[in-house]
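1. sequence-free structure coming up:
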Ligand code: FAD
């Protein structure tokens with residue numbers, strides 16, 4: 001496979017599909033290259049109990065909203081995968097799989113997209129590779145010394161494997177709280193966070209968050225982080241009812257057999273689960289972004305300020321309010337494709 005087109009989209013998760021929808025509507029010649037062999041993006045890899053924090057009605061991609069899931073107010077990750085598969089079939093989106101983009105390079109007036117399955121040439125590239133492939137681990141001393149098991153959110157599947165063990169869960173975000181809710185049912189657990197956890201009010205779920213994000217996108221009001229960090233989904237509420245939602249301040253280091261606190265005391269444990277977030281997956285763009293070092297990259301909206309033929313879609317609020325959510329992906333994809341269309345026309 002290889003070819004030449006006006007726009008190459010790297011990544012066929014929700015953000016890449018939203019871009020495909022608007023590219024198709026605009027009649028632009030394009031292809032979406034996705035490294036996975038099946039549709040669904042990061043939603044294919046969530047843990048068993050992972051649920052959306054908003055009802056299906058509030059999680060639409062452009063054009064066709066997510067159908068509800070029978071018997072579930074908050075759809076499962078598997079339901080989202082089914083939706084993304086059906087979405088790309090419905091709009092006959094031009095996704096090629098599995099194709100991993102290794103590098104995007106400037107070559108004269110075009111960008112050259114090098115993959116494990118050939119080379120594409122494009123006037124513009126939209127990168128929508130998400131964050132799931134770049135788990136972040138904080139630089140806590142002693143991580144190499146610890147002889148127990150260490151895993152990140154991306155490696156966690158279900159609490160069953162921790163039954164009867166002593167588990168330390170690190171991280172004060174939604175994944176930390178949801179995995180704590182799981183693990184606390186079967187294991188002896190300790191939850192540690194860098195700052196005291198900030199729980200959102202019970203009546204704030206994805207519906208409210210997305211309204212707030214939409215207001216912010218239109219320039220009115222603050223962002224969702226002002227409301228707190230942790231959405232009180234049913235499993236986290238249940239954990240609160242069981243009295244387990246209590247965090248200790250961050251550990252000072254790991255030892256061979258456990259964690260050590262700031263006062264020097266040691267607590268033995270069998271496993272540490274790092275629910276410490278992700279970084280944008282931009283390694284394939286290194287030739288275009290000389291200043292990039294495993295963090296974000298400077299943009300104006302979604303357009304790179306270092307390489308004007310490059311757009312960054314999804315990833316986080318730095319590419320548009322709530323752009324890494326299902327509903328936000330559509331808003332930023334629409335603006336991105338409108339900008340590319342105008343430049344191609346001009
Ligand atoms: P991804 O889904 O990661 O898709 C990126 C795609 O690009 C993947 O298929 C990947 O294989 C491919 N790719 C990567 N690198 C390359 C390459 N070099 N070449 C080719 N292909 C490549 N959002 C909501 O709206 N509601 C929620 O309730 C919600 N809950 C969340 C809960 C958790 C725990 C997390 C982590 C996120 C949640 N999100 C939620 C946020 C968001 O919807 C997801 O993170 C979403 O998967 C991001 O979509 P994406 O398309 O940007 O990236």
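-> Ah, there it is. Every value quoted in this text rests on a predicted model; they were computed, and no experiment measured them.
2. Tell me how many other residues crowd residue 76.
-> Using other C-beta atoms under 10 Å, residue 76 is surrounded by 17 other residues. (Glycine included, C-beta is placed from N, CA and C.)
3. An error on my part: the question was meant for residue 195.
-> 10.
4. tell me the contacts of residue 290?
-> Counting by C-beta atoms under 8 Å, 6 or more residues apart in numbering, residue 290 touches residue 306.
5. what helix or strand is it on?
-> Using DSSP states H and E, residue 290 is not contained in any helix or strand.
6. Grab the nearest non-local neighbour of the spatially most central residue of the chain.
-> The centroid of the chain falls nearest to residue 131 when counting by C-alpha atoms, centre = their mean (4.9 Å). Distance criterion C-beta to C-beta, 6 or more residues apart in numbering; nearest residue to residue 131, sequence neighbours excluded, is residue 278 at 3.6 Å.
7. Pull the number of nearby residues for the one you found.
-> For residue 278, using other C-beta under 10 Å, the count is 20.
8. So residue 193 is in contact with residue 172, correct?
-> Yes. Residue 193 is within contact range of residue 172, at 3.3 Å (criterion: C-beta atoms under 8 Å).
9. Spit out the residues that contact those two alike.
-> residue 247.
10. how about the helices of this structure, start to end?
-> Using DSSP state H, the helices of the chain run over 14-26, 77-90, 174-183, 206-217, 234-241, 326-345.
11. what's the least confident stretch among those helices?
-> Across these, helix 206-217 has the smallest mean pLDDT, namely a mean of 67.
12. where's the residue nearest to the centre of the chain relative to the ligand, distance?
-> 6 Å (C-beta to the nearest ligand atom, to the nearest Å).
13. quick one: contacts for that residue?
-> 42, 278, 279, 280, 281, 315, 316, 324.
14. pLDDT wise, what is the closest residue to the first one other than its chain neighbours at?
-> If you skip the residues right next to it in sequence, residue 42 has residue 132 as its closest partner in space, 3.7 Å away by C-beta to C-beta, 6+ apart. At residue 132 the predicted local confidence, pLDDT, stands at 96.
15. gap between residue 132 and residue 319?
-> 16 Å (C-beta to C-beta, to the nearest Å).
16. where's residue 63 relative to residue 25, distance?
-> Going from residue 63 to residue 25 by C-beta to C-beta gives 8 Å.
17. Kindly report the same for residue 328.
-> 19 Å.
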